[in-house]
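Novice: sharing a sequence plus its predicted fold:
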Amino acid sequence: EVQLVESGGGLVQAGESLRLSCAASGFTFENYAVGWVRQVPGKEREAVACILNRDGFTHYADSVKGRFTISSDNAKNTVYLQMNSLKPEDTAIYYCAADDVGLCGLGPSGSWGQGTQVTVSS
């Protein structure tokens, strides 16, 4: 069974940093694409970043390029999201999502964690 557990969220001020972690289990980690998706109640979800563990390819939403960095530690089965220069508009629930078809959990076969709240005050 695929399990994804997020941690690292919290309350910070604008301009500060946070690092989110996604601990994965139940699947062959290096074969999966893992991403971070954020959701604000009442708004559409936004795919923030994605990493293909097989080759390390990464992709970012325009809204976070240059501020967020996704990385993966295959030895620890963990994906990280380093978030710098945080803005109030980054406030959301951040979910870790994964699949083995290169869609970073956004397809019908994706698995999701329970989410972690990130709040950025101005």
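Specialist: Great, that's in hand.
Novice: can you name the residues that contact the most centrally placed residue in the chain?
Specialist: Taking CA atoms, centre = their mean, the centroid of the chain lies closest to W36, which sits 2.2 Å from it. By CB atoms under 8 Å, 6 or more residues apart in numbering, the contact list for W36 reads 20, 22, 47-50, 70, 79, 81, 94-97. In short, each C-beta sits where N, CA and C put it, glycine included.
Novice: repeat that for G107.
Specialist: Per CB under 8 Å, 6+ apart, neighbours of G107: 99, 101.
Novice: how about it, phi and psi?
Specialist: Note on G107: backbone dihedrals following degrees, to the nearest 10 are phi -90, psi -180.
Novice: one more: W36?
Specialist: phi -120, psi 130.
Novice: test of understanding: give the bridge partners of it.
Specialist: A49, C96 (DSSP bridges).
Novice: what sits against A24?
Specialist: Per CB under 8 Å, 6+ apart, neighbours of A24: 2-5, 32, 34, 77-79, 96, 98.
Novice: narrow those to just the buried residues.
Specialist: 2, 4, 32, 34, 77-79, 96, 98 (16 or more other CB atoms under 10 Å).
Novice: in strands, which of those appear?
Specialist: 4, 34, 78-79, 96, 98 (DSSP state E).
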